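S.K.: Sequence first, then the predicted structure:
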Amino acid sequence: MAPSPETVARRLIEEGFNEGNLDVLDELISPDMIEHQDHGPDHPAGAEGMRAVVAGLRGSFSNFHLQIEDVAVAGENVWLRSKGRGTNDGEIMGRPPTGRSMEIDAFDIVRVVDGRIVEHWGLPDRVATLQQLGLM
């Protein structure tokens, strides 16, 4: 029996984003996952694309952490409202580290089928990130 959609979404946040376990992404993400969040024209699809997102965040913020604030589930869909925090101690957007901390809101929806994420929509507060890091 496949895990519940909420369990899959929570594992993505806890094991993938918070612990930096890139291997778990192959288990949780469908190879043909559809990504609706704009990561740029050359962003890879599926688990490879999610691996790039997690590695990029953890490279820019070694202490990056997402705290899940709210979860709602309806069938295959999981809505998450999270608080992202970290200190910029690695290169970000081609710029050297700022040493500043940020705390932003992020909203995500994942659709889970047979225990794997097949679709993702995300909305992190990128403007707040840039403002708090002094990059805007």
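M.R.: Thanks, I have it.

S.K.: contacts, neighbours, all on C-alpha from now
M.R.: Will do.

S.K.: which residues in the protein form helices?
M.R.: Assigned by DSSP state H, the helices in the chain fall at 5-11, 23-28, 46-60, 126-132.

S.K.: among those helices, where is the model least confident on average?
M.R.: In terms of mean pLDDT, the lowest-scoring of these is helix 46-60 (a mean of 91).

S.K.: ok, and for it, which residues are buried?
M.R.: 46-60 (16 or more other CA atoms under 10 Å).

S.K.: same thing with stretch 9-29?
M.R.: 9, 11-14, 16-18, 20, 22, 25, 28-29.

S.K.: Closest one to Thr87 out of the residues you listed, please.
M.R.: Nearest to Thr87 among these: Asn18, at 13.6 Å, using CA to CA.

S.K.: show me the contacts for the closest one.
M.R.: Phe64, His65, Leu66 (CA atoms under 8 Å, 6 or more residues apart in numbering).

S.K.: swap in Gly90?
M.R.: Here Gly90 is in contact with Gly59, Ser60, Phe61, Ser62, Pro96, Pro97 (criterion: CA under 8 Å, 6+ apart).
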